[in-house]
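Enquirer: fold the following.
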Amino acid sequence: MAKAVWKDVVLAESDQTIVVEGNHYFPPDSVHMQYFTDSSTHTTCPWKGMASYYSLAVNGEINKDAAWFYPTPKDAAKQISGYIAFWKGVKVTP
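Expert: Down below sits the predicted model:
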């Protein structure tokens, strides 16, 4: 069971993550969205498409753009559509 944790709070937990380029992408229904706020940040991957970001808010602390997802990925990455991955200090354990 993969788990994403920041500031001792479990953000996501699933045994059905998809690993792409070493990152665990969590299914949307495994994510505790009460810790997430929308971000206006977007980046583009040549083969996955445009990524959107969330910032995390835990116990009054903000981790800007610490989670990302591909709402409408290119065909090569369609299996991760809407799945959420983490970085910026979020510990993901497989």
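Enquirer: and the pLDDT for the residue of the chain most remote from its centre?
Expert: The C-alpha centroid of the chain is most remote from Gly60, which lies 19.9 Å away (Cα atoms, centre = their mean). For Gly60, the model assigns a pLDDT of 95.
Enquirer: now do the contacts for it.
Expert: Not one residue lies near Gly60 by Cβ atoms under 8 Å, 6 or more residues apart in numbering. From N, CA and C alone the C-beta is placed, and that goes for glycine too.
Enquirer: ok, Val31 next?
Expert: So Val31 contacts 11-12, 84 (Cβ under 8 Å, 6+ apart).
Enquirer: can you redo those residues as a markdown table with pLDDT, distance to Phe69 and secondary structure?
Expert: Output for those, formatted as a markdown table (pLDDT from 0 to 100; distance: Cβ to Cβ, whole Å; DSSP: H, G, I helix; E, B strand; the rest coil):
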| residue | pLDDT | distance to Phe69 | secondary structure |
| --- | --- | --- | --- |
| Leu11 | 98 | 13 | strand |
| Ala12 | 98 | 11 | strand |
| Ile84 | 98 | 5 | strand |
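Enquirer: what is the nearest of these to Lys48?
Expert: Ile84 (13.5 Å; Cβ to Cβ).
Enquirer: spit out the contact partners of the closest one.
Expert: By Cβ under 8 Å, 6+ apart, the residues touching Ile84 are 12, 25-26, 28, 31, 54, 67-69.
Enquirer: look up which residues are beta-bridged to it.
Expert: Applying DSSP bridges to Ile84 gives these bridge partners: Phe26, Phe69.
Enquirer: what of Val31?
Expert: Ala12.
Enquirer: can you check Asn63 too?
Expert: Leu56.
Enquirer: burial measure for it, as a count.
Expert: Applying other Cβ atoms under 10 Å, we find 20 residues neighbouring Asn63.
Enquirer: now do Lys3
Expert: Lys3 - counted by other Cβ under 10 Å - has 17 other residues nearby.
Enquirer: residue boundaries of the helices in the chain?
Expert: With DSSP state H, there are no helices along the chain.
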